[in-house]
Each structure stands twice: as C-alpha cells, then as structure tokens.
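Participant: from the sequence below, what's the structure:
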Amino acid sequence: MNDRLKSLAIGLAIALAVISGQGCASYFRLFGGQSYTFTAGEVKILEKTTKAIEFDYGYDDDIGLDYVYPYPNSMDALKNNENKFMQAVDDIDNTTLIKFFEKVYGVREKTVLLRDLAEAREQWTRYTYISKYLLPGIEEYTKVLERRVLARDPAYGSVIDEKKAAVREALLRRMQDEENRRRLQETERIVRERK
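Facilitator: Numbers count the residues shown, from 1 in each chain. Below you'll find the predicted structure:
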C-alpha cells in the first residue's frame, strides 16, 4: 500500500507540473538526479534564457545528461523570441556569458557523443531518444546563445573554433575517465563475487 501511495503522489505531482505548464524540468527538479554541470549562477542564466525563448531545461539521471527542450510550438516562434533572449542576457557581462556558452556547448557536444556512442553500440532506443528528443533543443539553444555571444563580443569569433575544440577535448578525456572508472569498478565487483 505504501508503494501505491508513493506512486500516486508522484503521478499527481507530474500531472500538476504538466498542467501548470512547468513540464518535465519540474519533474526532474523534484524527483530526478542532480546535475553538477552548472553553478547556481549559471542555473539562473539557464532559467532566464530558456524562459525567454519558451524552452525549459532538465537532467536525465539515467544517462547523466543535461538537456534543453522547447515547449510545443516554441521552435516555430524562436525567431520572434530571440529579442527576448537578447534582453535576458543584457545584464550579464561578456566573460560570464562566454563561460556559460562554453559550458552549454559542452552539453551539446556530450549529447552528440552519447548519441554517437549509442549508435555504435546499436542501442537504438537510446539513440532515438537522444537524437529525436534531446539533441534538437540543445542544438537550437546553443545556436541562439552563440549568436548572442558573437554579437556582444565580436573578437571572440577569432578564437571560438579553438575554444570549441578545447571543450570537446576536455569532454572526451572526462568521458574516457568515467568509462575507465566504471570498467574498473565492474572488474572489482566480479573479482569480489568470485571470492
């Protein structure tokens, strides 16, 4: 009976979040795992900017991935909402905005890498989930953010490709370290079970 009440409470919370327009991000903020990608200040920027273009954000605990997604029909209205996006970042200094962009770009790259890994491992459900539901939103959000960063700091355009390559390289190293750690833990578990 206790499990039924818990399931009912979670279902009710999800329904209320969806009905109130808060969507999946509220679910993950209430029940999901926690992302450590963004600082508290960066989360405020993320909240403000996604709201401006009628997007939201969340974290998928199962695959360890932050994501940004559009509300229904907001992809169509994105061009009209870019002015709201620009207003949302007007009070952010260039250095902070560039640092935030590089983190968001890292999330986009991680999404692409996880999609490619799922494809290579023939994990078609995960591949479809990432490519159809997670990747489009973060790609569009990253493009809007990049345009704003370059408009604010044109000099950054001369180093942006170098910065993107550095972000991707650091991400690849971090993902490899995580994979190696998982393999080592699995090997240790198997060895303990044999004893």
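Participant: show me what the biggest helix by length in the chain is packed against.
Facilitator: Scanning the chain for the longest helix, with DSSP state H as the assignment, gives helix 160-194. Here helix 160-194 touches helix 94-120, going by 3 or more Cβ pairs under 8 Å, 6 or more residues apart in numbering; DSSP states H and E. All C-beta atoms are positioned from the backbone trio N, CA, C, and that covers glycine.
Participant: which other helices and strands contact the next helix or strand after the helix it packs on?
Facilitator: Heading C-terminal from helix 94-120, the first helix or strand you meet, by DSSP states H and E, is helix 124-128. In terms of contacts (3+ Cβ pairs under 8 Å, 6+ apart), helix 124-128 is packed against helix 94-120.
Participant: the helix it packs on versus helix 160-194: what angle between them?
Facilitator: 50 degrees (axes from the mean of the first three to the mean of the last three Cα atoms, to 10 degrees).
Participant: break the chain into its domains for me.
Facilitator: Here the chain is described, according to automatic domain parsing, as comprising the domains 1-32, 33-194.
Participant: deepest of these, which one?
Facilitator: Ranked by mean neighbour count, the domains of the chain are led by domain 33-194 with a mean of 15 (mean count of other Cβ atoms under 10 Å).
Participant: got the contact list for the spatially closest residue to residue 63 that is not a sequence neighbour?
Facilitator: Spatial nearest neighbour of residue 63, excluding adjacent residues (Cβ to Cβ, 6 or more residues apart in numbering): residue 114 at 6.2 Å. By Cβ atoms under 8 Å, 6 or more residues apart in numbering, the contact list for residue 114 reads 63, 65, 126, 130.
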